[in-house]
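Chemist: Could you look at this predicted model? Sequence included:
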Amino acid sequence: MKLSIIGTGYVGLVTGACFAEVGHQVICVDSDAQKVALLQQGGIPIYEPGLEDLIPRNVQAGRLRFTTRTADGVEGSDVIFIAVPTPPLPDGSVDLSFIEKVAREIASAMTTYKIVVDKSTVPVKTGEKVAETIKRYGRNQVEFDVVSNPEFLREGFAVEDLMKPDRVVIGVRSPRPVAAMREVYAPFEAPMIVTDINSAELIKHASNSFLAMKISYINALSVICEATGANVQEVANGMGMDARIGRRFLEASLGFGGSCFPKDLSAFIKIAEEIGYDFRLLKEVQRINEEQMSRFVKKIKDTLWVLKDKRIGVLGLAFKQNTDDVRMSPAIELCRRLQAEGALLRVHDPQAMEKARAVLRDVTYVADMNEVAEGCDALVIATEWEAFKKLDLLRARNALSHPILFDGRNLFDVAEMERLGFIYKSIGR
Ligand code: UDX
C-alpha cells in the first residue's frame with residue numbers, strides 16, 4: 001500500500017522503515033530539513049538497533065523516501081500516519097499543538113478519500129478533535145476517516161517490537177477503514193484488536209501506566225527486601241513464574257525514566273482529573289519512583305559520607321540500555337544530584353555521551369568504560385547496559401581509592417562482588 005508517516009522521530013522513523021521493509025511504499029515527512037537531508041543521504045539521526053540496515057536497504061529499493069512537504073506525503077498515499085511529538089506541558093497535560101498543526105496541513109492537502117491514523121500517544125478523545133479539525137480545514141468536504149493506532153515500541157527494541165508486535169490496536173468510528181488497516185498490518189501476522197477510538201487511545205495510556213506501576217511495585221518491594229535481608233531478584237523470579245504476573249518489568253532499579261513513562265503517567269493523571277477522577281494509585285507510582293532515586297543517592301551518601309570533592313565514576317547516561325536517549329534519564333538525574341553535593345564526576349555511556357553533553361556539563365566524559373574508575377573514590381552503575389557486565393572488575397577495584405561500587409541496576413552478583421573485595425551496594429539485595 002501507499003503510506004506516509006508525518007514525523008520521523010523514534011516512532012515515525014522506525015514505523016516507516018518497518019512498513020517499507022514488509023513491502024509498502026512509504027513517504028516519511030519531517031519539518032526538519034536537516035534531518036530529512038541526512039536521511040536522504042542514508043544517515044540515521046537516532047541510535048535504534050536495526051535502523052542502520054533497514055533504512056538504506058529500503059531507500060535503495062525505492063520503497064522509502066523522505067520529504068519536508070506534508071502535501072507530498074498526503075497526495076502520494078492512501079493512509080497517513082501522524083507520528084509527531086506530544087510533549088508534556090508544565091502542568092502535566094499534553095501539548096497537542098503539533099498534532100493540530102499536522103491535522104490542518106493534511107486537511108488542506110487532501111483532494112481524495114484518505115485514512116488519517118493517529119500513532120502518537122494522545123489523551124483519550126483526541127481522535128474526535130482531529131476529525132473535527134480535518135472537517136473544518138478540509139477543502140470541498142473531501143471524505144476521510146480518522147483511526148487511532150497507538151504504538152507500543154520500546155526504545156532500543158523498537159524494530160523488534162514493531163516487526164513482531166504482541167498486538168495491533170485499531171480504533172475506528174466507522175467500519176470503512178478497517179479493511180485497509182488490516183492490509184497495512186497483514187505482513188506482521190500479529191493479533192489485531194479493532195475497537196472504538198476512545199478505547200484505543202486509552203489502551204495506550206493504561207498499558208504504559210500499568211508497566212510503570214509494575215516497576216514501582218518491585219521498587220517498593222526492594223525496600224522491604226533490604227529491610228528483611230531478602231533478595232528482590234529472587235522475589236521477582238518467584239512472582240514471575242505466575243503466568244498472570246510474568247517476570248518482565250520486575251527489575252528493581254534506581255527508578256524508571258525515558259520520554260514515555262514519566263510523561264504518560266502525568267498525562268493520564270491529568271486526563272483522569274479532568275473527567276473528575278483522582279488517580280491516586282498513579283500518583284503513588286510517581287512518588288515511589290521519585291523516592292527510589294532519593295534512596296539511591298542516600299545510599300551513596302551514607303557510605304561515602306561527604307560527597308563534596310569526592311571523585312565518582314558513573315557508568316551509564318541513557319535512560320535505559322540499547323538507546324542513546326537521555327530524556328528524563330535516571331542516570332542523568334543521579335549525576336545532577338551528585339554534582340549538587342559537590343562530587344566530581346567521570347562518566348561513560350556506550351551510545352549516549354554525545355546527547356548527554358548537551359545536558360550534563362562539568363563532568364569528564366571517558367571513552368573507555370574501563371578507564372572511568374581511574375582515581376575515583378567510588379563507581380556507580382546507572383544504566384543497565386549489557387556491556388557493563390563485562391567491566392574489568394579487578395582493574396576497577398585497583399583503580400579505585402577504595403573498592404566501593406553502587407549498582408543501581410543489579411548487574412552484578414552480590415557474593416561475587418564481596419569475594420572480589422568490593423563494598424558493594426545494590427537495590428533490594
Ligand atoms: C515504554 C514502553 O515499554 C513501550 O511499550 C511504550 O511504547 C513506550 O514506553 P520505553 O520508555 O522505550 O518504552 O522503555 P522501557 O523499556 O519501557 O523502560 C522504561 C524505563 O523503565 C527505563 O528507564 C528502564 O530502565 C526502566 N525499567 C524497565 C526498570 O527500571 N525496570 C524494569 O523492569 C523495566
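Modeler: Nice, I can see it. Residues are numbered from 1 along each chain as shown.
Chemist: Sticking with the closest residue to residue 193 other than its chain neighbours, tell me its helix or strand.
Modeler: Using C-beta to C-beta, 6 or more residues apart in numbering and skipping residues adjacent in sequence, the residue nearest residue 193 is residue 169, 5.4 Å away. Quick note: C-beta positions are derived from backbone N, CA and C, even for glycine. In the assignment (DSSP states H and E), residue 169 maps to strand 168-172.
Chemist: list the contacts for the residue nearest to residue 193?
Modeler: Applying C-beta atoms under 8 Å, 6 or more residues apart in numbering to residue 169 gives the contacts 148, 149, 150, 192, 193, 195, 200, 203, 204.
Chemist: What distance do you get for the first one to residue 363?
Modeler: It refers to residue 148. According to C-beta to C-beta, to the nearest Å, residue 148 stands 42 Å off from residue 363.
Chemist: Check residue 243 too.
Modeler: 44 Å.
Chemist: Between the two, tell me which one has more neighbours.
Modeler: It is residue 363, of residue 243 and residue 363, that has more neighbours when counted by other C-beta atoms under 10 Å, with 19 against 6.
Chemist: which residues sit in contact with the closest residue to the more buried one other than its chain neighbours?
Modeler: Nearest residue to residue 363 in three dimensions, chain neighbours excluded: residue 345, at 4.2 Å (C-beta to C-beta, 6+ apart). Counting by C-beta under 8 Å, 6+ apart, residue 345 touches 311, 312, 313, 314, 335, 338, 339, 363, 364.
Chemist: Could you rerun that using 10 Å?
Modeler: For residue 345, the contact set (C-beta atoms under 10 Å, 6 or more residues apart in numbering) comprises 310-314, 334-336, 338-339, 360, 362-366, 372, 376, 380.
Chemist: Next: residue 367.
Modeler: Counting by C-beta under 10 Å, 6+ apart, residue 367 touches 348, 353.
Chemist: and the gap between it and residue 349?
Modeler: As defined by C-beta to C-beta, residue 367 lies at a distance of 10 Å from residue 349.
Chemist: again, but for residue 46
Modeler: In terms of C-beta to C-beta, residue 46 sits 15 Å off from residue 349.
Chemist: In terms of pLDDT, where does residue 106 sit?
Modeler: In this model, residue 106 is scored at 97, pLDDT.
Chemist: Buried subset of the contacts of residue 345, written for PyMOL?
Modeler: Typed into PyMOL, the line below selects the buried ones among the contacts of residue 345, using 16 or more other C-beta atoms under 10 Å:
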select buried, resi 310+311+312+313+314+334+335+338+339+360+363+365+366+372+376+380
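Chemist: that older thread, any part of the strand holding residue 169 near the ligand?
Modeler: No: using C-beta under 6 Å from any ligand atom, strand 168-172 never reaches the ligand; the gap is at least 11.4 Å.
Chemist: What mean pLDDT does that strand get?
Modeler: Mean per-residue pLDDT for strand 168-172: 98.
Chemist: Buried residues, it. List them.
Modeler: By 16+ other C-beta under 10 Å, the buried positions in strand 168-172 come out as 168, 169, 170, 171, 172.
Chemist: ditto for stretch 350-362
Modeler: Under the neighbour-count criterion of 16+ other C-beta under 10 Å, stretch 350-362 has 350, 351, 352, 353, 355, 356, 360 buried.
Chemist: cool, stretch 224-237 as well?
Modeler: 225, 226, 231, 232, 233, 235, 236.
Chemist: Where does the first one sit, in terms of helix or strand?
Modeler: In this assignment (DSSP H and E), residue 225 forms part of helix 197-228.
Chemist: got the angle for that helix vs strand 168-172?
Modeler: Angle, helix 197-228 to strand 168-172, by axes from the mean of the first three to the mean of the last three C-alpha atoms, to 10 degrees: 140 degrees.
Chemist: Which neighbouring elements make contact with helix 197-228?
Modeler: Contacts defined by 3 or more C-beta pairs under 10 Å, 6 or more residues apart in numbering; DSSP states H and E place helix 197-228 against strand 114-118, helix 126-137, strand 144-148, strand 168-172, strand 192-196, helix 232-240, helix 261-274, helix 280-304.
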